[in-house]
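1. sequence and predicted structure are below.
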Amino acid sequence: MIIAIATMKMNEDVTTQVHVPINVEIMQVPPTDKEVEKIKSVLEEETGYKFVSLNSITWDVDYEI
């Protein structure tokens, strides 16, 4: 389990930073392009916003959805 911290675009004028728990396996830091694409896809699906940038990721082994 990772927690992704990302900048997302809510509409043309507004961006926001989100913290989203994601059940994606990351094998290295920084993540590969394929891993970033998976994270981006999950973030857009979970938030409904457009992905701008991945700011940070952290692992949380104790987090439960």
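-> Ah, there it is. Numbers count the residues shown, from 1 in each chain.

2. make it CA atoms for all contacts and neighbour counts henceforth
-> Noted.

3. all strands of this protein, in order?
-> For the chain, the strands defined by DSSP state E occupy 2-9, 15-22, 50-59.

4. got CSV for those, with mean neighbour count too?
-> CSV is the format used below for the strands of the chain (neighbours: other CA atoms under 10 Å):
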stretch, mean neighbour count
strand 2-9, 20
strand 15-22, 16
strand 50-59, 15
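
5. export those strands to CSV and tack on distance to residue 30?
-> Shown next, in CSV, are the strands of the chain (distance: least, CA to CA, whole Å):
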stretch, distance to residue 30
strand 2-9, 13
strand 15-22, 16
strand 50-59, 9
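
6. turn these into TSV, columns for mean pLDDT.
-> TSV is the format used below for those (pLDDT from 0 to 100):
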stretch	mean pLDDT
strand 2-9	94
strand 15-22	94
strand 50-59	93
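
7. export stretch 43-61 as PDB, just CAs?
-> Extracted C-alpha coordinates of stretch 43-61, given in PDB (Å, rounded to 0.1, in the frame of the first residue of the first chain):
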ATOM      1  CA  LEU A  43      -5.600   8.900  -9.000                       C
ATOM      2  CA  GLU A  44      -7.800  10.100 -11.900                       C
ATOM      3  CA  GLU A  45     -10.300   7.300 -11.300                       C
ATOM      4  CA  GLU A  46     -10.500   7.900  -7.500                       C
ATOM      5  CA  THR A  47     -10.600  11.700  -7.500                       C
ATOM      6  CA  GLY A  48     -12.400  12.500 -10.800                       C
ATOM      7  CA  TYR A  49      -9.700  15.200 -11.400                       C
ATOM      8  CA  LYS A  50      -7.000  15.400 -14.100                       C
ATOM      9  CA  PHE A  51      -3.500  14.300 -13.100                       C
ATOM     10  CA  VAL A  52      -0.900  17.100 -13.200                       C
ATOM     11  CA  SER A  53       2.100  15.700 -11.200                       C
ATOM     12  CA  LEU A  54       3.200  13.100  -8.800                       C
ATOM     13  CA  ASN A  55       4.700  15.000  -5.800                       C
ATOM     14  CA  SER A  56       5.600  12.200  -3.500                       C
ATOM     15  CA  ILE A  57       4.800   8.600  -2.500                       C
ATOM     16  CA  THR A  58       5.200   6.900   0.800                       C
ATOM     17  CA  TRP A  59       4.500   3.400   2.100                       C
ATOM     18  CA  ASP A  60       2.000   2.800   4.800                       C
ATOM     19  CA  VAL A  61       2.000  -0.900   5.700                       C
END
